[in-house]
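S.K.: I would like the atomic coordinates for the input below:
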Amino acid sequence: MNISRLINFICILAGGVIAIYAQAETKQNTYLLMGGIVMLMFGIYRTSRNIPSKHDKDEEETFIKSEDED
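M.R.: Next comes the predicted model:
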């Protein structure tokens, strides 16, 4: 596992744990909850940034070819 994926995983895990911990208290700490959510979203954003889109395929990979009009 490379270092970028490890950082993403740690951000997602720590953000989720912090958000759940802040939500579980009787008197909720709003700033702690917001910090956990921000850390969670940061990790999710960094992870989704590395996932390629299924619409970014080259035209050569499709089965349908158009004919050249001369």
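
S.K.: Regarding the chain, what is its longest helix?
M.R.: Using DSSP state H to define each element, the chain has its longest helix at helix 3-24.

S.K.: Report all helices and strands that that helix contacts.
M.R.: With contacts defined as 3 or more C-beta pairs under 8 Å, 6 or more residues apart in numbering; DSSP states H and E, the packing partners of helix 3-24 are helix 30-49. To be clear about C-beta, it is placed using only N, CA and C from the backbone, and glycine gets the same treatment.

S.K.: Report the buried residues of the helix it packs on.
M.R.: Residues 33, 35-37, 39-40, 43, 46-47 are the ones in helix 30-49 that count as buried (16 or more other C-beta atoms under 10 Å).

S.K.: ok, the residue most central in space within the chain - contacts?
M.R.: Taking C-alpha atoms, centre = their mean as the criterion, residue 44 is the residue nearest the geometric centre of the chain, at 2.4 Å. Contacts for residue 44 were tallied using C-beta atoms under 8 Å, 6 or more residues apart in numbering; they are residue 12.

S.K.: Just the pLDDT for the spatially closest residue to residue 46 that is not a sequence neighbour.
M.R.: Spatially, and ignoring its direct neighbours in sequence, residue 46 is nearest to residue 8 (4.8 Å; C-beta to C-beta, 6 or more residues apart in numbering). Per-residue confidence at residue 8 stands at 90 (pLDDT).

S.K.: Residue 8 against residue 45, yeah?
M.R.: No: between residue 8 and residue 45 there is no contact under C-beta atoms under 8 Å: 9.0 Å.

S.K.: where in this structure is pLDDT low?
M.R.: In the predicted model, the chain carries pLDDT under 70 at residues 1, 56-70.
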